[in-house]
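Colleague: Need a 3D model of the following:
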Amino acid sequence: NVCVDHVLVTDKAASGVAPIAVDKNGENAIIVVPGANNHLTVEDVKNVESLIKSASVVMCQLEVPVEATLEALKLGKKYGVMTLLNAAPANSSTDLSEVYKNTDLLCVNETEAEMLLGCNHLEDVDAAKKAVTQFYQKYSLPKCVLITLGSQGLVYAASAASPILHVPAETVTTVDTTGAGDAFVGALGFYFACFKSLTLEEKVRRAAKIASFSVTRKGTQSSYFSKEELPRELFV
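Modeller: This is a model prediction of the structure:
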């Protein structure tokens with residue numbers, strides 16, 4: 001069940017869409033048309049300040065104006081709420097320095113990391129680990145940086161002073177990778193909100209496992225397994 005109490009309607013644009021093309025290997029390319037997303041304002045975010053105050057996690061991405069995203073993250077920090085940014089779709093021309101300062105956990109995939117750091121060939125675990133270090137050096141991120149690598153799993157560090165760890169991906173038969181990143185980030189937010197006592201490593205490992213199930217089905221939302229379909233040990 002998804003609460004839609006705060007979904008807004010505008011007559012200034014059509015709803016945002018993201019047409020997706022999937023190749024024979026299950027890899028995807030997405031064209032994002034923001035539409036109404038571009039009309040979310042800072043005032044809209046301020047109007048739900050009480051909701052953010054009572055939240056366990058504030059999760060943001062870059063499909064709405066960065067000013068609105070920044071306001072949501074600032075309100076989260078104001079009230080001691082964990083803030084998570086999935087910096088997608090990435091845009092190298094946007095200044096995200098203030099956004100990063102208000103982010104407890106930054107999550108990007110390898111393509112987004114390349115764009116935000118201005119680097120190339122982030123194709124393996126070692127290169128991704130170096131990119132994590134670059135994020136800390138370039139942006140002075142306060143806490144966790146995490147880079148997903150598709151079939152190679154992910155790498156992350158809890159802070160600039162922490163070791164950079166690699167979590168391998170589950171071995172599955174890939175049908176369609178569309179939505180796997182959203183499955184991962186959504187599951188990660190769930191674990192931060194509902195399983196606070198788990199270690200960061202365990203939260204990340206479980207979220208990655210849930211995302212791996214999603215690539216075995218076609219589609220985006222239609223590929224997501226329900227709680228009842230997933231292994232019980234993910235929820236204990």
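
Colleague: Which elements pack onto the helix or strand where Lys138 lies?
Modeller: Assigned by DSSP states H and E, Lys138 belongs to helix 125-139. Judged by 3 or more C-beta pairs under 8 Å, 6 or more residues apart in numbering; DSSP states H and E, the packing partners of helix 125-139 are helix 110-117, strand 144-148, strand 154-157. Where you see a C-beta, it was placed from the backbone N, CA and C, and this is true even at glycine.

Colleague: of all these, which lies closest to Glu27?
Modeller: Proximity to Glu27 (C-beta to C-beta) singles out helix 110-117 among the helices and strands packed on helix 125-139, at 11.2 Å.

Colleague: What residues sit buried inside that closest one?
Modeller: Glu110, Glu112, Ala113, Glu114, Met115, Leu116, Leu117 (16 or more other C-beta atoms under 10 Å).

Colleague: what's across from the one residue sitting closest to the centre of the chain in the sheet?
Modeller: For the chain, the residue nearest the mean C-alpha position is Asn86 (3.1 Å; C-alpha atoms, centre = their mean). Beta bridges link Asn86 to Gln61, Cys107 when assigned by DSSP bridges.

Colleague: Touching, it and Val185? I think so.
Modeller: Yes. With contacts counted by C-beta atoms under 8 Å, Asn86 reaches Val185, the gap being 4.7 Å.

Colleague: pLDDT-wise, which helix or strand of this protein ranks last?
Modeller: strand 28-30 (a mean of 85; mean pLDDT, DSSP states H and E).

Colleague: what residue ranges in this structure score low on pLDDT?
Modeller: For the chain, no stretch has pLDDT under 70.

Colleague: for it, what spans make up the strands?
Modeller: 20-22, 28-30, 57-61, 82-86, 105-109, 144-148, 154-157, 165-167 (DSSP state E).

Colleague: Same list, these, but as a markdown table with distance to Thr69 please.
Modeller: Formatted as a markdown table, the strands of the chain follow (distance: least, C-beta to C-beta, whole Å):
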| stretch | distance to Thr69 |
| --- | --- |
| strand 20-22 | 23 |
| strand 28-30 | 19 |
| strand 57-61 | 5 |
| strand 82-86 | 8 |
| strand 105-109 | 12 |
| strand 144-148 | 18 |
| strand 154-157 | 21 |
| strand 165-167 | 27 |
